[in-house]
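Engineer: Task: produce atomic coordinates for the following.
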Amino acid sequence: MVIVSGFAILLLAALTFAQGTPAYTVITVEKMHCNGCAQRIAKKLYEVPGVEKIQVDVQKKLFWVHPQTGKQPSPKLLWEAVEKGDDKATKLQGPSRTFTKKPQS
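Structural biologist: The predicted model follows:
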């Protein structure tokens, strides 16, 4: 797990816009307040098929979920992983769609 600084987040966003649609998914959570919370949730996110790397910003309550090459993790399974990590997702922005409530598939 990597803690991302604000500058790195802006750089990552700029590179993404330059390259088109992001391959990663950004998840905003409700309660995460410490690295322990982040690690608990990240552990559950790593259990979702197709997840390769997780980045987190505890202060902004954000996770960046990077997929394995050629794969895209299920938005529903990512949302449920946050719930299993004892938090609530409030927004999930993926390569093809944004969700503000639990995806059905």
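
Engineer: just for this protein, where's the confidence low?
Structural biologist: 1-22 (pLDDT under 70).

Engineer: do that again at 50, thanks
Structural biologist: 1, 10-11, 14-20 (pLDDT under 50).

Engineer: can you pull out the strands in it?
Structural biologist: Along the chain, the stretches classed as strands by DSSP state E are 2-3, 25-29, 51-57, 62-67, 89-93, 98-99.

Engineer: what sits up against the fifth one?
Structural biologist: Judged by CB atoms under 8 Å, 6 or more residues apart in numbering, the contacts made with strand 89-93 from elsewhere in the structure are 25-30, 75, 78-79, 82-83, 98-100, 102-103. C-beta coordinates here come from the backbone N, C-alpha and C atoms, glycine included.

Engineer: Kindly recompute the last result at 6 Å.
Structural biologist: Contact with strand 89-93 is made by Val26, Ile27, Thr28, Val29, Glu30, Pro75, Trp79, Val82, Phe99, Thr100, as judged by CB atoms under 6 Å, 6 or more residues apart in numbering.

Engineer: Please apply the same query to the second one.
Structural biologist: Taking CB under 6 Å, 6+ apart as the criterion, the residues outside strand 25-29 that touch it are 61-65, 82, 87, 89-94.

Engineer: And that strand, what's buried?
Structural biologist: Using 16 or more other CB atoms under 10 Å as the burial criterion, the residues of strand 25-29 that qualify are Thr25, Val26, Ile27, Thr28, Val29.
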